[in-house]
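> Provided below are the primary sequence and the corresponding predicted coordinates.
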Amino acid sequence: MRNITVLSALLISGALASAGSTDLAPALKKAEGHLKAGQRGEAITLLRQLTTEHPGELEAHLRYQEVMAGAGRLSDLRDHYGDLLKEAPQDPVRRMLALRLDEGRKTTRQLLRLTRDHPEFAPGFVAYANALRREGRLKKARKASMRAIELDANSAWAHDADGWILDRQGDLPGAARRYRRAIELRPCFLPPRFRLAHLQVRGPKPDAKAALKLLAEAQSIAPKDPRTFVHRGILLGRLERDRDATQEYERALRLHPEDPMVLLLLGETYSDLSEWALATKAVEQAMRIDENLADAHAALGYIHFRQERYEDAIDCYREAARREPKEGRHQYYLGLLHERWGKVRPAVSHYRRAVLKDPENAAYRLALGAALEQHGRASEAVRAYRDAVRKLPDDVDLWIRLGHAHAAQRKHKNAYKAWKEALRLAPAEPEVLLCLGIVCDTELRDRESAIDYYERYLKAGGKDARVREWLDALRK
């Protein structure tokens, strides 16, 4: 139940356009030199000056936004770009730069309007694609990213955005190709390296060595950039190397000791090591830096959760929800806590609130459906999943869960239809191929289809040893 959402500010990606003017190249190189030397303040000052003096130069804006976000200064960014937009509200560059700092359906609609007003403006399509991806509307997001690539085939940001969408759709090889193309086009562009590194340990054949090599390359490009250490920490945490992860977070903090987001990650990792005093110290330090940081209360809740102090954890998440009443994630974690505490009824209630606050979040809808299933409310679970796939028709996991919910009610034809839709979205997803093979084999009595799905499952890297036995039986 780790609160990786606290990284949202750190991990904002450069997601647009083309290279800047050659006239700006020396100044941008100087800014990069400041960053490599660990002089983030000097780099921010120089980049802000460039964005003010050259408002039409995307490269300066993109780097400024990336560095400011890495410093956790999103509020300052929004103020700056809000002021720039007021000076020229119809300028497509300024509109896009201001809009990409916000989320939500209203922002997505405004980005759609931007692409219609300026149909040849590739960065607008990249920003629109990313907004759609955040909402889980992956099919439309892919169309937007592909349009951006058509308009500017040499845009590293367009390739990176398309890779992220493919990643979400389960097409890991396709995503990897896009990330590598983004890196090839712009070797100093770090976000696709970070994403490719995480992808390396999530595929059917995890390759931790390759992932760590990518992060080492990122570190050689920007040795004083704390994001590299943060991503190494996250990656090592996924590899269950929590002790090594804490060392990476500590290295990031030595570069920028006032970064509350890294302190929260450090606190959560110490929690996973059951080092409660160090965990609490890190979180309390983050609270001193920003006393209104809702995620700090959530992180303290996580520490209590790890010690099975559920009432204290719930109090912390309630405080986080009070400070961020529009956020669904605190309600989501309250649901998880109640569910872990064995209180399924209030868990369902909190999941419903999370869905109401953020209808586009697939994780909240998945949790609601699963809690309803656990509570024995199978028909309500099916309705919840159906509502979810209507809202988020491109989310593979929701279609998979809808299939399982139908199967639990022994409505196998409906389950088959749901899993077929999931397969359309993710043709190489082993879980979907296995589900289809089993339902064709045991319920629909479709021998040829069962053989086909089982064979594709094994080809996709499926590990269930029983499948070969089932195949042998079907082939006799």
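Ah, there it is. What you see is a predicted model; the values in this text were computed from it and never measured.
> now do the helix or strand hosting Thr269, average pLDDT.
If you go by DSSP states H and E, Thr269 is part of helix 260-272. For helix 260-272, mean pLDDT rounds to 92.
> right, and the helix or strand after that helix?
Next along the chain after helix 260-272, taking DSSP H and E as the criterion, comes helix 276-289.
> tell me the mean pLDDT for that next one?
Across helix 276-289, pLDDT averages out at 94.
> now the following helix or strand past it, how far from the centre of its chain.
With elements assigned by DSSP H and E, the helix or strand that comes after helix 276-289 is helix 294-306. Remark: helix 294-306 is offset 20 Å from the chain centroid, using C-alpha atoms, centre = their mean, to the nearest Å.
> name the helices or strands packed onto helix 294-306?
Contacts defined by 3 or more C-beta pairs under 8 Å, 6 or more residues apart in numbering; DSSP states H and E place helix 294-306 against helix 260-272, helix 276-289, helix 310-323, helix 329-340. Heads up, the C-betas are built off the backbone N, CA and C, glycines and all.
> which residues touch the residue nearest the centre of the chain?
Taking C-alpha atoms, centre = their mean as the criterion, Arg134 is the residue nearest the geometric centre of the chain, at 7.7 Å. Arg134 is in contact with Glu103, Glu360, counting by C-beta atoms under 8 Å, 6 or more residues apart in numbering.
> how much space between it and Phe125?
15 Å (C-beta to C-beta, to the nearest Å).
> for Ala161, same thing?
From Ala161 over to Phe125 the distance is 9 Å, taken as C-beta to C-beta.
> joint contacts of those two?
Ser145, Ala148.
> secondary structure element for Leu101, which one?
Using DSSP H and E, Leu101 falls within no helix or strand.
> roughly how far apart are it and Ala426?
To Ala426, Leu101 is 31 Å away according to C-beta to C-beta.
> then Ala131?
Using C-beta to C-beta, Ala131 is found at 22 Å from Ala426.
> who's more crowded, those two?
It is Ala131, of Ala131 and Ala426, that has more neighbours when counted by other C-beta atoms under 10 Å, with 26 against 21.
> need phi/psi at Pro204.
Backbone dihedrals for Pro204, given as degrees, to the nearest 10, come out at phi -60, psi -20.
> I'd like the next helix or strand past the helix or strand containing Arg94.
Using DSSP H and E, Arg94 falls within helix 92-99. Counting by DSSP H and E, the element after helix 92-99 in chain order, helix or strand, is helix 105-117.
> and that following helix, what does it pack onto?
In this structure, helix 105-117 packs against helix 92-99, helix 122-134, with contacts taken as 3+ C-beta pairs under 8 Å, 6+ apart.
> restricting to C-alpha, output the first one in CSV.
In CSV, the C-alpha atoms belonging to helix 92-99 read as follows (Å, rounded to 0.1, in the frame of the first residue of the first chain):
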residue,chain,number,x,y,z
PRO,A,92,-0.9,28.4,-28.4
VAL,A,93,2.5,28.0,-26.8
ARG,A,94,1.5,29.8,-23.6
ARG,A,95,-1.9,28.1,-23.5
MET,A,96,-0.3,24.7,-23.7
LEU,A,97,2.4,25.4,-21.2
ALA,A,98,-0.1,26.6,-18.6
LEU,A,99,-2.6,23.8,-19.2
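> what about that helix, distance to the chain center?
From the chain centre to the centre of helix 92-99 is a distance of 23 Å (C-alpha atoms, centre = their mean).
> try stretch 259-268
That offset, for stretch 259-268, works out to 18 Å (C-alpha atoms, centre = their mean).
> how about it: buried residues?
The neighbour-count check on stretch 259-268 (16 or more other C-beta atoms under 10 Å) flags Asp259, Pro260, Met261, Val262, Leu263, Leu264, Leu265, Leu266, Gly267, Glu268 as buried.
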